[in-house]
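Asker: prediction below, plus the sequence it came from.
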Amino acid sequence: MPARDIDEVLTLLDGIIARFRDEGRRLAFFPAMYRAVTLRVRAGIQSGRFADGERMNRLDTAFANRYFDALEAAAAGAAPSSWQVAFALDARPRAIIVQHLLLGMNAHINFDLPIAAAAVAPGAALPDLQGDFAAINDILAELIDPVMDAIERFSPFLDVLDRVGGRSDEMLVNFSLTTARSEAWHEATRLADESEARRERSIASLDRRVALLAEHVLLPGGLLGAAVDLISHTEIQDVRAIVDALLTVA
C-alpha cells in the first residue's frame, strides 16, 4: 500500500531500513540517508518553511512512493532502468558507501522527482511550486556534511576523492545535488505540459538517460576509478554499523 502522507513515508522507510539492516544488505544505506531528508522536510512543513505545507506533504509523499514502487518492481525484475543500476549494487560487495548513496540519489532525484512534481502540480500549476521545490536544495545542502562525516568513520581514505575528483559531495562525473535538482525542475516543466502519451515516451527516455549517468557513477575511469578502488579495499564492511551511523544524521 502506498504512503498517504509524510508520516506514513517515514513509517515505510523505517520498515525498509530495518529489514535490509537485519539482512546485512547495503540497500539500507540509501533509505537511511533518505529518512534524514524526509525528517527535515516534515520539520520544515511543521515550522512553515514552505509556502504551501500541504502541497509539500503531497509532493514528498508522491516522490517517496516512486521509490517504494521501484523497490516492489525490482522484486519482479521490472524496476526502471535507473533504479536497476542502483539496486544491482547490492551484489557488488566492493562498491563504496558513497556510490550506493549517489546511485540512489541519481535515480530518485534525476528520474523520480520530475515525474512526482509534474503529477502534483500539472500544467499551469507547476510554476507556483518552484519556490518550495528550490527550498529543498537548502535542506539537502544542510545534510551533506553530516552524511559525509558519518561515512568517514568507516571510510578512512574517502578524502582521496577530494584530491582527485573535486569536492566529495560532487564527485563521480560531477554529480551535484543542486545541479541534479535543477535538471529535475527542467524535466518537470517539460512533463507537466505534455499529453499522457507523449509523457510516457518522455519518461522512458529520461529513464534511459539517468541509467547511463548511473553507469558512469558505477564505473568511473582514470584517477577517480583508482581512488574508488583504493577506498573499496579499506572501508569497514559492517553494514549494520554504517546504517546506524547514517540514522544518527538528523
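Answerer: It's in. Numbering: from 1, shown residues only.

Asker: what residues does stretch 196-216 touch?
Answerer: Outside of stretch 196-216, the residues within contact range by C-beta atoms under 8 Å, 6 or more residues apart in numbering are 80-82, 84-86, 103, 106-107, 110-111, 114-115, 118, 172-173, 175, 187, 190-191, 194. Glycine gets a C-beta too; all of them are placed from N, C-alpha and C.

Asker: now those: which count as buried?
Answerer: Using 16 or more other C-beta atoms under 10 Å as the burial test, the contacts of stretch 196-216 include 80-82, 84-86, 103, 106-107, 110-111, 114-115, 118, 172-173, 175, 187, 191, 194 as buried.

Asker: now, the contacts of stretch 196-216 that are in helices?
Answerer: Per DSSP state H, helices hold the following members of these: 81, 82, 84, 85, 86, 103, 114, 115, 118, 187, 190, 191.

Asker: turn the residues you listed into TSV, including pLDDT and distance to residue 38.
Answerer: Shown next, in TSV, are the ones in helices among the contacts of stretch 196-216 (pLDDT from 0 to 100; distance: C-beta to C-beta, whole Å):
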residue	pLDDT	distance to residue 38
81	96	25
82	95	20
84	96	23
85	94	23
86	95	18
103	93	19
114	95	19
115	96	18
118	95	21
187	95	22
190	94	26
191	95	23
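
Asker: reformat the residues you listed as JSON lines; add distance to residue 17.
Answerer: Listed next are the ones in helices among the contacts of stretch 196-216 as JSON lines, based on distance: C-beta to C-beta, whole Å:
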{"residue": "81", "distance to residue 17": "24"}
{"residue": "82", "distance to residue 17": "21"}
{"residue": "84", "distance to residue 17": "21"}
{"residue": "85", "distance to residue 17": "21"}
{"residue": "86", "distance to residue 17": "16"}
{"residue": "103", "distance to residue 17": "17"}
{"residue": "114", "distance to residue 17": "26"}
{"residue": "115", "distance to residue 17": "24"}
{"residue": "118", "distance to residue 17": "28"}
{"residue": "187", "distance to residue 17": "28"}
{"residue": "190", "distance to residue 17": "33"}
{"residue": "191", "distance to residue 17": "30"}
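
Asker: between those residues, which is nearest residue 150?
Answerer: Among these, residue 103 lies closest to residue 150 (C-beta to C-beta), at 17.8 Å.

Asker: just give the closest residue to the closest one, not the sequence neighbours.
Answerer: Spatial nearest neighbour of residue 103, chain neighbours left out: residue 86 (3.9 Å); criterion: C-beta to C-beta, 6 or more residues apart in numbering.

Asker: and residue 230, by the same measure?
Answerer: Residue 230's closest residue in space is residue 157 (C-beta to C-beta, 6+ apart), at 5.7 Å.

Asker: wait, isn't the one you found in contact with residue 234?
Answerer: Yes - the pair residue 157 / residue 234 is scored as a contact, 5.0 Å apart, by C-beta atoms under 8 Å.

Asker: what residues sit buried inside stretch 193-201?
Answerer: Using 16+ other C-beta under 10 Å as the test for burial, stretch 193-201 gives 194, 199.
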